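Q: what follows is a predicted structure for the sequence shown.
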Amino acid sequence: MARYKLNINGDGVFYPDGGNLNIPESMDNRHWIEYQEWLAEGNIPDPAETDEEKKVRLLGQLRSQRQARLTDTDFYGNSDVTMSEDMSTYRQALRDMPTSHTTISKLESPTWPTKPADE
């Protein structure tokens with residue numbers, strides 16, 4: 001583990017073992033100066049998150065967006081509404097999203113099914 005770690009926004013660093021203390025990017029800040037000296041020695045900070053952590057975060061975002069899309073079409077499942085086969089297929093494709101998007105690249109740019117026209 002490196003002494004420093006990039007933050008998730010990519011616009012700063014922090015001490016991972018120092019209570020996640022963020023280091024402001026300022027030459028008036030002694031911690032920032034120490035960090036710059038540490039980089040000059042050839043050191044490299046740890047990435048903001050591991051690939052596995054990134055997948056977990058992105059999968060959570062995908063599930064949240066998927067749930068919103070499912071909720072948007074829930075009324076088609078009411079007993080007094082007949083759900084078309086296209087809508088049923090669309091909703092199943094949404095439910096399948098977490099298992100069909102298993103790589104970081106697919107999670108970063110998910111291919112969402114197209115919602116059929118309102119019936």
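A: Looks like it came in fine. Numbering: from 1, shown residues only.
Q: show me where pLDDT drops low in this structure?
A: Along the chain, the parts satisfying pLDDT under 70 run over 1, 10-11, 16-20, 119.
Q: looking at this protein, which helix is longest?
A: Taking DSSP state H as the criterion, the chain has its longest helix at helix 51-72.
Q: packing partners for whichever helix or strand comes after that helix?
A: On the C-terminal side of helix 51-72, the nearest following helix or strand under DSSP states H and E is helix 85-100. If you count contacts as 3 or more Cβ pairs under 8 Å, 6 or more residues apart in numbering; DSSP states H and E, helix 85-100 packs onto helix 51-72. The way it works is simple: take the backbone N, C-alpha and C, and place the C-beta from them, glycine included.
Q: can you give me the buried ones in the helix it packs on?
A: By 16 or more other Cβ atoms under 10 Å, the buried positions in helix 51-72 come out as 54-55, 58-59, 62, 66, 69.
Q: show me the two of those that sit farthest apart.
A: With distance counted by Cβ to Cβ, no two of these lie farther apart than 54 and 69, which are 22.6 Å apart.
Q: alright, I will stop here.
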